[in-house]
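Undergrad: got a predicted structure plus its sequence, pasted below:
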Amino acid sequence: MGIYDEISANKWKSYLLILFFFGFVIVLGLIIGVYYGSTYFGLILALVIGVIYFLFSYYSGASAILTMTGAKEAKKPEHTYLINTVEGLSIAAGMSKPPKVYVIDDSALNAFATGRDPEHSAVTVTTGLMQKLNRQELEGVLAHELSHIKNYDIRVMMLAAVMVGLTVLLSDFLLRSFLWGGKSRDRESNQLTLVLIVVGVALAILSPFIGEAIKLAVSRKREFLADASGALLTRHPKGLADALRKIKDDPDPLVDKANKATAHLFISIPFRHDKKQRSWMQNLFSTHPPIEERIKKLDGM
């Protein structure tokens with residue numbers, strides 16, 4: 001598959017996953033509403049909680065992530081080449097302004113992008129990445145991160161994270177309602193309500209896992225999309241492929257201040273992990289697709 005085909009395919013897959021996610025949350029809201037005698041109640045509850053979650057993430061998420069990871073803003077002359085490369089790639093990408101550039105003092109080879117839109121964005125790299133990659137490889141990684149920004153991947157993932165939080169809250173509310181009793185009339189004698197309770201309890205228990213699996217699936221698709229978009233931006237897929245090879249062979253991939261809440265942002269999993277081939281279940285709950293598969297796709301472009 002060519003670069004444009006990869007970009008088009010991954011965009012559609014991401015949109016379909018997000019659409020499925022929305023439908024899943026609506027179903028949870030409807031079940032809550034039916035149980036309490038008003039479908040509007042469940043939908044409004046889901047909407048209010050979702051809006052509050054989204055507004056907090058939208059306006060405070062980026063600064064909180066930068067603080068959490070210990071990122072410091074890059075300054076000239078120490079980081080002149082890094083800043084100039086980001087500015088040059090931003091012009092090539094047609095961005096109205098370059099993102100701010102940050103550095104994490106860590107030996108691991110990694111990088112991430114954050115921000116609610118291209119005008120309020122930041123690219124962060126580790127010192128280990130700058131020291132161990134050559135110019136073409138570093139350019140490939142930075143192009144990957146700029147592609148996340150240009151493609152609004154951070155906003156998509158923010159939405160996915162909000163949806164996961166929403167499914168957890170709604171499923172917990174639903175489960176507690178079934179355990180402690182709700183306001184539905186004659187629910188003991190209503191067979192339809194009994195079936196609804198059984199389905200609702202199953203969803204209440206499984207929905208956090210389903211929601212997390214969908215969020216991670218979106219994350220993996222956006223990584224493929226950013227790889228393809230970054231290769232298109234530099235017109236040199238080999239640069240990013242070679243960078244991923246070095247990242248894959250990093251003897252200590254742990255980013256000290258990374259955590260599970262921020263792991264999906266990084267170009268590679270920022271934790272120590274078994275480098276053997278992952279099982280199907282491990283891939284299902286991974287923030288990133290297998291790095292070998294990403295390299296293979298880039299080599300084929």
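TA: That came through, no problem.

Undergrad: check which helix or strand residue 245 maps to.
TA: According to DSSP states H and E, residue 245 maps onto helix 237-248.

Undergrad: now that helix: average pLDDT?
TA: Here helix 237-248 scores 96 as its mean pLDDT.

Undergrad: dump that helix to CSV, keeping only the CA atoms.
TA: C-alpha atoms of helix 237-248 as CSV (Å, rounded to 0.1, in the frame of the first residue of the first chain):
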residue,chain,number,x,y,z
PRO,A,237,10.3,6.9,4.7
LYS,A,238,13.7,5.3,5.5
GLY,A,239,14.6,8.0,7.9
LEU,A,240,11.7,7.2,10.2
ALA,A,241,12.1,3.4,9.6
ASP,A,242,15.7,3.6,10.7
ALA,A,243,14.8,5.7,13.7
LEU,A,244,12.2,3.1,14.8
ARG,A,245,14.9,0.4,14.4
LYS,A,246,17.1,2.3,16.9
ILE,A,247,14.1,2.9,19.2
LYS,A,248,13.2,-0.8,19.0
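
Undergrad: and that helix, what does it pack against?
TA: helix 135-150, helix 191-234, helix 291-299 (3 or more C-beta pairs under 8 Å, 6 or more residues apart in numbering; DSSP states H and E). C-beta coordinates here come from the backbone N, C-alpha and C atoms, glycine included.

Undergrad: please work out which of these is packed deepest.
TA: Stretch with highest mean neighbour count among the helices and strands packed on helix 237-248: helix 135-150 (a mean of 24; mean count of other C-beta atoms under 10 Å).

Undergrad: what's it packed up against?
TA: So helix 135-150, by 3+ C-beta pairs under 8 Å, 6+ apart, packs with helix 80-92, strand 111-117, strand 120-126, helix 127-132, helix 191-234, helix 237-248.

Undergrad: tell me what the helix or strand hosting residue 18 is packed against?
TA: Using DSSP H and E, residue 18 sits within helix 3-35. Packed against helix 3-35 by the contact rule (3+ C-beta pairs under 8 Å, 6+ apart) you find helix 39-68, helix 153-180, helix 191-234.

Undergrad: got a markdown table for those, with distance to residue 28 and mean pLDDT too?
TA: Compiled in a markdown table, those are given as follows (distance: least, C-beta to C-beta, whole Å; pLDDT from 0 to 100):
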| stretch | distance to residue 28 | mean pLDDT |
| --- | --- | --- |
| helix 39-68 | 7 | 80 |
| helix 153-180 | 5 | 72 |
| helix 191-234 | 6 | 77 |
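
Undergrad: got CSV for those helices, with distance to residue 99 too?
TA: Listed next are these as CSV, based on distance: least, C-beta to C-beta, whole Å:
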stretch, distance to residue 99
helix 39-68, 10
helix 153-180, 11
helix 191-234, 14
